[in-house]
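> I'll drop the sequence and a predicted model, then ask my questions.
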Amino acid sequence: MIIHFICRGNAFRSLMAEAYLNSLELKNVRVISSGTVAEAYRQSNTDNRVYQITLSIFKSYGIDKYAKDHFGDQVGKNSHIVGDVVICMNQVVYDELIMLTKDVPSTVSIWDISDYGELGNETGDHDNMVHQFEETFPLIKNRVDDLVKELNLK
């Protein structure tokens, strides 16, 4: 089974879901992640150290070895979405996905995990961004745990 998490930049939310689910070491489950605007935001995510902050969160939870060694995988324009289970991190991502690709599966799940800088989740300074990332990880962890139960993967 392939589980595909999609966010916008593939530097924060989808990476968190991917690394955490990988850390559960479930048999016959392959986890991937990508972003709807990853190419456009790759430089700003680098400049703002988004990926580095995400890695520091992984390290604090002891899941850093389960993270992929890069970020910013872009959903292919006009491509088919890979995954038996596809999860968009929120409605913004889903709306972008529909505009970007063809044949979006009707079974896509839409979570309610907002990105920093959207939907009132303003980042402000670096410390505030770190704090928001720290608050977001448990939300993602709980949603992934619910998904594992729902799909009876353990």
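Arrived safely. Numbering: from 1, shown residues only.

> residues of the top helix by length along the chain that come out buried?
When the chain is parsed with DSSP state H, its longest helix is helix 126-150. Residues 129, 132, 133, 136, 137, 140, 141, 143, 144, 147, 148 are the ones in helix 126-150 that count as buried (16 or more other CB atoms under 10 Å). Every C-beta, even on glycine, is put in place using the N, C-alpha and C of the backbone.

> Give me the average confidence score over it.
Across helix 126-150, pLDDT averages out at 92.

> Where do the helices of this protein begin and end?
13-23, 38-47, 50-61, 91-100, 126-150.

> If I take the longest helix of the chain and helix 50-61, what angle do their directions form?
Computed by axes from the mean of the first three to the mean of the last three CA atoms, to 10 degrees, the angle separating helix 126-150 from helix 50-61 equals 60 degrees.

> what's the residue most central in space within the chain in contact with, if anything?
Centroid-nearest residue in the chain: residue 14, 0.7 Å away (criterion: CA atoms, centre = their mean). Contacts for residue 14 were tallied using CB atoms under 8 Å, 6 or more residues apart in numbering; they are 5, 6, 7, 33, 34, 35, 89.

> Distance-wise, check residue 98 relative to residue 111.
Distance of residue 98 to residue 111, computed by CB to CB, to the nearest Å: 16 Å.

> Between the two, point out the one with more neighbours.
Remark: of residue 98 and residue 111, residue 111 carries more neighbours, 22 against 13, as counted by other CB atoms under 10 Å.

> doesn't residue 146 make contact with that one?
No: applying CB atoms under 8 Å, one finds residue 111 not in contact with residue 146, separated by 9.9 Å.
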